[in-house]
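# Can you look at this prediction? I've put the sequence above it.
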Amino acid sequence: MTATIQMQRRGDRLECTSPIWADMLDQFPQGIDLNVKITRARSVRQNATYWGLLGWVITNGPEWLSSQWPHADQLSDALQLETGYVRQIKLANGMVYGLPESKSFEEMPQAKFNAYFEAAQIKLAEWCGYDPLPIYLTVMAGRRRMAA
């Protein structure tokens with residue numbers, strides 16, 4: 001079994017940053033050796049904002065956008081192709097295609113995701129005719145206040 005678990009360094013120990021990560025760690029037996037690959041974590045909050053924004057735009061943005069890309073994954077792929085965050089593959093016939101790069105925490109470092117997120121926001125604002133991020137953040141803040 002493999003898993004990516006977010007942890008924080010505390011002196012010479014690593015500690016899970018949330019109960020969810022601790023539950024994932026509990027799936028491994030006590031007393032066995034584990035191989036650990038240490039990388040700097042990306043912002044979970046920013047990642048959630050990105051995917052939340054895309055879902056919100058599909059539901060609340062221009063109708064043409066949701067009919068073109070009815071799911072956040074599809075909109076994300078389109079944004080990556082439009083903003084140039086792609087990996088190129090060359091087929092045997094010489095044709096070159098661009099495919100969306102992986103946005104996984106392991107493969108896209110924070111600095112690159114920051115740049116991509118900014119480019120995606122600019123493209124979304126262009127497509128929507130307004131900047132949807134401040135509206136989305138205001139709506140989410142209102143929901144959190146109502147839930148509290």
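Perfect, thanks for sending it. Residues are numbered from 1 along each chain as shown.

# model confidence over the lengthiest helix in the chain, on average?
In the chain, taking DSSP state H as the definition, the longest helix is helix 110-128. The average pLDDT within helix 110-128 is 94.

# mind listing what the spatially most central residue of the chain touches?
By CA atoms, centre = their mean, the chain has its centre lying nearest to residue 47, at 3.8 Å. Shown in contact with residue 47 (CB atoms under 8 Å, 6 or more residues apart in numbering): 105, 113. Using the backbone N, CA and C atoms, a C-beta is placed for each residue, glycine as well.

# gap between residue 122 and residue 82?
10 Å (CB to CB, to the nearest Å).

# which element follows the lowest-mean-pLDDT helix or strand in the chain toward the C-terminus?
One helix or strand of the chain scores below all others by mean pLDDT, DSSP states H and E: helix 19-26, with a mean of 80. For helix 19-26, the following helix or strand on the C-terminal side (DSSP states H and E) is helix 44-60.

# what comes up buried for that following helix?
49, 50, 53, 54, 56, 57, 58 (16 or more other CB atoms under 10 Å).

# mind putting those residues in CSV, pLDDT included?
Shown next, in CSV, are these (pLDDT from 0 to 100):
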residue, pLDDT
49, 92
50, 93
53, 96
54, 96
56, 96
57, 97
58, 96
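
# Among those, which pair sits farthest apart?
Distance extremes for the buried residues of helix 44-60: the farthest pair is 49 and 58 at 15.0 Å, using CB to CB.

# Compute the number of surrounding residues for residue 136.
In terms of burial, residue 136 registers 20 neighbours under the definition other CB atoms under 10 Å.

# pretty sure it contacts residue 54?
No - Residue 136 sits out of contact with residue 54 when judged by CB atoms under 8 Å, with a separation of 9.5 Å.

# Can you give me the domain boundaries for this protein?
Each domain of the chain is listed here as a residue range: 1-38, 44-147, per automatic domain parsing.

# Please identify the most buried of those domains.
Comparing those by mean neighbour count (mean count of other CB atoms under 10 Å), domain 44-147 comes out on top with a mean of 14.

# Perfect, that will be all.
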